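Undergrad: Quick one: sequence plus predicted model below, questions after.
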Amino acid sequence: MGFPPTMGATVALVTKHGKERLLDGLLEPHGLALVHLGDVDTDALGTFTRERPRVGTALDAARTKLAWALTHAPHARFALASEGSFGPHPELPWIAGGHELVLLADRDTGLELRGDDLTSDTNFGATRVHSVDEALTFAQAHHFPSHALIVGPHKAVTDPGQLERLVSDALERGPVHLETDMRAHLNPLRQASIRRAMERCFASLAALCPRCSWPGFVGGTPVPGLPCEACGAPTRVAHHVLRTCRHCHHTLERPADAAVAPASRCDACNP
Ligand SMILES: [Zn+2]
Ligand SMILES: [Zn+2]
């Protein structure tokens with residue numbers, strides 16, 4: 001079966017914080033229109049404030065939102081959801097990293113497409129301060145006031161005067177917990193990252209299998225064995241990528257960008 005045309009179909013978006021702006025220009029090329037679900041208490045599905053940690057993975061959380069959207073927008077063919085995670089960067093654990101996952105689900109075919117953005121360009125952080133000066137130093141290093149802070153129980157702090165007042169009041173009772181407010185509408189760096197993940201998700205909708213024309217023909221499994229530049233032995237560097245269509249299982253071999261691997265990655269030259 002050919003993939004049903006997306007022209008004229010609708011997309012239900014689960015968002016509490018106006019993420020629809022981040023979709024500007026991404027739906028139109030596919031002939032898709034947005035269905036507004038109104039304000040949803042996505043906090044029940046996981047949130048970034050300490051009192052309610054997320055249960056399960058980002059993928060679980062995004063899928064829960066998709067299921068919710070498909071139920072609450074029965075006429076929408078597609079649902080779109082995003083989920084962010086923050087912590088030590090997986091490859092560079094000494095710096096903070098952000099991961100935004102965007103999922104697009106197609107009710108009619110069951111197809112699920114994703115877009116990911118992994119970035120070190122995040123202001124994620126938390127600290128305990130003992131003076132107003134320390135608080136201001138943390139604030140400055142974490143993109144305040146263009147990005148909001150959480151001061152003890154007070155969220156969404158973006159006013160420098162309010163920050164000083166809250167911190168100096170709270171200091172009378174002891175050290176004060178400060179952290180970045182990672183909710184998307186208060187965090188332009190997150191918005192940029194979500195936007196990149198959304199662009200990749202919709203690029204995947206445009207990436208069609210050359211045999212059956214279903215979307216999602218992206219990514220693939222790297223197959224090691226690129227020859228070493230010095231000795232020619234096969235290395236663990238990818239020789240090619242196997243990209244397989246999830247619909248018809250057509251597989252294409254995409255060669256690596258380079259013809260040889262650096263000797264520094266060779267187990268024979270560099271055991
Ligand atoms: Zn070698
Ligand atoms: Zn195919």
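TA: Everything's here; your move. Ligands and ions are numbered 1, 2, ... in the order given.

Undergrad: Find the centremost residue of this structure, please.
TA: Glu100 (1.0 Å; Cα atoms, centre = their mean).

Undergrad: And what about that one, helix, strand or coil?
TA: Three-state assignment for Glu100 (DSSP: H, G, I helix; E, B strand; the rest coil): strand.

Undergrad: measure it to ligand 1 for me?
TA: 38 Å (Cβ to the ion, to the nearest Å). C-betas here are computed from N, CA, C, even on glycine.

Undergrad: can you check Asp181 too?
TA: 50 Å.

Undergrad: What are the boundaries of the helices in the chain?
TA: Along the chain, the stretches classed as helices by DSSP state H are 58-72, 132-141, 160-171, 188-206.

Undergrad: Dump the ones you listed into a markdown table; add distance to ligand 2, mean neighbour count and mean pLDDT as well.
TA: Shown next, in a markdown table, are the helices of the chain (distance: least, Cβ to the ion, whole Å; neighbours: other Cβ atoms under 10 Å; pLDDT from 0 to 100):
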| stretch | distance to ligand 2 | mean neighbour count | mean pLDDT |
| --- | --- | --- | --- |
| helix 58-72 | 23 | 18 | 90 |
| helix 132-141 | 49 | 16 | 97 |
| helix 160-171 | 54 | 16 | 97 |
| helix 188-206 | 14 | 20 | 96 |
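
Undergrad: Now tabulate the ones you listed in CSV and tack on distance to ligand 1.
TA: CSV is the format used below for the helices of the chain (distance: least, Cβ to the ion, whole Å):
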stretch, distance to ligand 1
helix 58-72, 38
helix 132-141, 44
helix 160-171, 56
helix 188-206, 35
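
Undergrad: what about those helices, which gets the closest to Leu104?
TA: Nearest of the helices of the chain to Leu104, taken as Cβ to Cβ: helix 188-206 at 5.4 Å.

Undergrad: The residue nearest to the centre of the chain contacts Gly84, correct?
TA: Yes: between Glu100 and Gly84 there is a contact at 5.0 Å, judged by Cβ atoms under 8 Å.

Undergrad: shared neighbours, the two?
TA: Common neighbours of Glu100 and Gly84 (criterion: Cβ atoms under 8 Å, 6 or more residues apart in numbering): Arg190, Ser193, Ile194.

Undergrad: Tell me who's in contact with the closest residue to ligand 2 within the stretch 1-150 of the chain.
TA: Per Cβ to the ion, Phe3 is where the stretch 1-150 of the chain lies closest to ligand 2, at 9.2 Å. Applying Cβ under 8 Å, 6+ apart, we find Phe3 in contact with Thr109, Leu111, Leu208, Cys212, Ser213, Trp214, Pro215, His247.

Undergrad: try 6 Å
TA: Ser213, Trp214 (Cβ atoms under 6 Å, 6 or more residues apart in numbering).

Undergrad: and if you look at His30?
TA: Thr6.

Undergrad: Also Ala69?
TA: Taking Cβ under 6 Å, 6+ apart, one finds Ala12, Val14, Ala79 in contact with Ala69.

Undergrad: Hmm, the first one is touching His72, no?
TA: Which is Ala12. No: the pair Ala12 / His72 is not scored as a contact, 7.2 Å apart, by Cβ atoms under 6 Å.
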